[in-house]
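In: Task: produce atomic coordinates for the following.
(one chain, ligands or ions: 1)
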Amino acid sequence: MISRGGSVKAVAVHMFCAPSRGWLSSPPPLWAGKGGEGKRVCRGFETCNTDKIERRPARRYPGAMGTALAESNGGGRRRWSQTLRRLVGISLDLALPPLCPACREPVGAQAGLCAACWSKLSFIAPPYCERLGTPFAYDPGPGVLSMQAIADPPAYRHARAAVRYDDVSRILIHGLKYSDRLDLAPMLGRWMARAGHALLEDADALVPVPLHWRRLWARRFNQSAALAKIVSQASGVAVVGDALKRVKPTLQQVGLTASERALNVQGAFAVAERSRVAGRRLILIDDVLTSGATIDACARALNRAGAATVDVLVFARVVDTGRSPI
Ligand SMILES: [Zn+2]
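Out: Just a heads-up that it's a prediction; the model follows:
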C-alpha cells in the first residue's frame, strides 16, 4: 500500500474504497455523493468500482512486497511479463517482508503500521477547538473556542490535524522528512484528507508550506508538497505549489522557543503571484504544527495577498504544550 512512484493512485483507490479488507492504515471511506443516482464516487478518485480498479495496471513498489502486482488484459507477452513480475514479487516478499515504518517489525502481507504502533497513534477527533483543532477533554458544545484561540487568535481561520504529535507520529514525520521515506506520504496524506474533509469541501486550492531553495536543494523534496499531492488526490482540490515562496533562509525551528520561532520566520514568506491566491479559499498543508509560528507567517502572507480564507491542514500537531518541540 505504501508506494514510491506511479502506483499510488491505483492502490490508494483500492485502500480508500475497501477498508473492509482490514488494512490497519486504511481510513474509513469518504463518500462525496457526486456520482448521481445510485452511483457512489470515492472522493478525488473515480467511481468506486472494485472490478474496474483491480484491472488497472499498477506498478510494484518497495513498501509492499508482492501486494500490488498488476493485472491486465494484455496478450501472451504481457502475461509472461506479469507472471515473471509476480514470481519476483513473491520472492521479495519472502526475502524482505514489509516492515512497520515506526518500529521496523514485520507486518505480514500488507504493509502499514503494526497493531502495537497503530494502537499508540492518537488520532484527533471531536470535540476540539473550532479554531485551532486542539482536542478538548470533554464536549463543551459546538463552536466553542479554546482559551489559546481566544487569547492569541491565529492568522488562519481553522486548523485541523490528523494525529497528535507523539512518539509514533514523530517517527513517521522524521522518516518522511529526514530519511527520504517518501513512501510514507500516501498513508499520512490520506489520514490528513480524512481529518480535514470538512475544510476540503469548501476549498479552492492547497498551498504546501514552501522550503527555501537551499534547503530544498539539500533535501531534494518538500515533504509538505508530497503530502499536499496525496491530499489533492483524495479530495480533488488542486495544489498551487508555487503560490508561496520562502524568500528568507531561516534557522531550523528545532530547539527554538515560541518567541524565537516567531522571530525566525518573520518576513520569511511572500506570495509569488497575487492572482493565484487572491479571492480564493486556501488550505495550507504542512507535516507538523508545533508553536504555529511558521503556519501563521504563511497565513499572514496569503491574507495580505487577498486570499478569501486561509485554513490549515497538518499531519500532526503538538497538543501538550509542555512537550519539547521537534
Ligand atoms: Zn510498529
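In: Now for D139, how many residues are close by?
Out: When neighbours are counted by other CB atoms under 10 Å, D139 registers 10. Glycine gets a C-beta too; all of them are placed from N, C-alpha and C.
In: ok, how many other residues are close to the residue nearest to it when sequence neighbours are not counted?
Out: Nearest residue to D139 in three dimensions, chain neighbours excluded: P127, at 4.1 Å (CB to CB, 6 or more residues apart in numbering). Other residues near P127 number 14, with proximity taken as other CB under 10 Å.
In: what are the ranges of the helices in the protein?
Out: Taking DSSP state H as the test, the helices found in the chain are 8-17, 50-55, 76-95, 115-120, 147-151, 167-178, 185-195, 197-201, 213-219, 223-235, 258-264, 293-304.
In: what does the average pLDDT come to for the first one?
Out: Over the span of helix 8-17, the pLDDT mean works out to 37.
In: Write down the beta-bridge partners of the residue in the stretch 201-326 of the chain that the ion sits nearest to, one by one.
Out: Closest residue of the stretch 201-326 of the chain to the ion, CB to the ion: A316 (16.5 Å). Beta-bridge partners recorded for A316 (DSSP bridges): V163, V288.
In: tell me the contacts of it?
Out: Taking CB atoms under 8 Å, 6 or more residues apart in numbering, we find A316 in contact with 161-166, 169-170, 172-173, 287-289.
In: one more time with 7 Å, if that's ok
Out: Contact analysis of A316 by CB atoms under 7 Å, 6 or more residues apart in numbering lists A161, A162, V163, R164, Y165, S169, I173, V288.
In: Count the neighbours of the nearest residue to W213 once chain neighbours are set aside for me.
Out: Once flanking residues are discounted, W213 sits nearest to R246: 7.9 Å by CB to CB, 6+ apart. Neighbour count for R246, taken as other CB under 10 Å: 23.
In: Where does the prediction get shaky in the chain?
Out: Applying pLDDT under 70 to the chain picks out residues 1-75, 89-96, 109, 320-326.
In: Point out the residues in it that sit beside the ion.
Out: C100, A102, C103, C114, C117 (CB under 5 Å from the ion).
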